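Undergrad: from the sequence below, what's the structure:
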Amino acid sequence: MLFQLDNVTKTYGAIRALDNLSVAAPEGAIGLLGPNGSGKTTMIRTLLGLIGVDRGSGEVLGMNISRQMLDIRAGRRMPVSAGRWSRLRGVCRRIGRHAAARCAAAGP
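TA: Here you go, the predicted structure:
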């Protein structure tokens, strides 16, 4: 599984950006579509460990989004030989220099 969220809620003051969101994306899934204000950016920030959630749980490549936020951002415990970063080339180029280096090392 690439990522999964279970009953995730994230609020910004009175605005509920994610309301008990449950979603799972298998490896190989690409794209994220939705209207403006639907929570796409909030979900991505949650998955990358850039923001915490009010409620719920989730994983990115087997790492817990609440307890392993720094590991997710740094790509820790993700051996290049596992090839997972190579499947995320379009995403990891945009999330930081460390992740971009892992993408480059993973090859085509």
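Undergrad: just the CA coordinates for stretch 20-29, please, in CSV.
TA: In CSV, the C-alpha atoms belonging to stretch 20-29 read as follows (Å, rounded to 0.1, in the frame of the first residue of the first chain):
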residue,chain,number,x,y,z
ASN,A,20,-13.3,11.5,9.1
LEU,A,21,-11.4,10.9,5.8
SER,A,22,-10.6,7.2,5.1
VAL,A,23,-8.7,6.5,1.9
ALA,A,24,-6.2,4.0,0.6
ALA,A,25,-3.9,4.2,-2.4
PRO,A,26,-2.3,1.1,-3.8
GLU,A,27,1.3,1.3,-5.2
GLY,A,28,1.2,2.5,-8.7
ALA,A,29,-1.7,4.9,-8.1
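Undergrad: which of the residues in that stretch are buried?
TA: Neighbour-count burial for stretch 20-29 flags L21, A25 (criterion: 16 or more other Cβ atoms under 10 Å). Placement of C-beta: from N, CA and C, glycine included.
Undergrad: ok, stretch 43-55 next?
TA: M43, I44, T46, L47, L48, G49, I51, V53.
Undergrad: how near is L33 to T46?
TA: Using Cβ to Cβ, to the nearest Å, L33 is found at 17 Å from T46.
Undergrad: thinking again about what came up before, quick check, nearest of the buried residues of stretch 43-55 to P26?
TA: Distance to P26, by Cβ to Cβ, is smallest for L47 among those, at 14.6 Å.
Undergrad: quick one: contacts for the closest one?
TA: F3, L5, G58, V60, I65, I72 (Cβ atoms under 8 Å, 6 or more residues apart in numbering).
Undergrad: then A29?
TA: L2.
Undergrad: which helix or strand contains it?
TA: Following DSSP states H and E, there is no helix or strand that holds A29.
Undergrad: before we move on, back to that, can you list the buried residues of stretch 43-55 in TSV and add pLDDT, distance to L21 and secondary structure?
TA: Putting the buried residues of stretch 43-55 into TSV (pLDDT from 0 to 100; distance: Cβ to Cβ, whole Å; DSSP: H, G, I helix; E, B strand; the rest coil) gives the following:
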residue	pLDDT	distance to L21	secondary structure
M43	95	7	helix
I44	93	12	helix
T46	93	9	helix
L47	92	11	helix
L48	88	15	coil
G49	86	16	coil
I51	92	14	coil
V53	95	9	coil
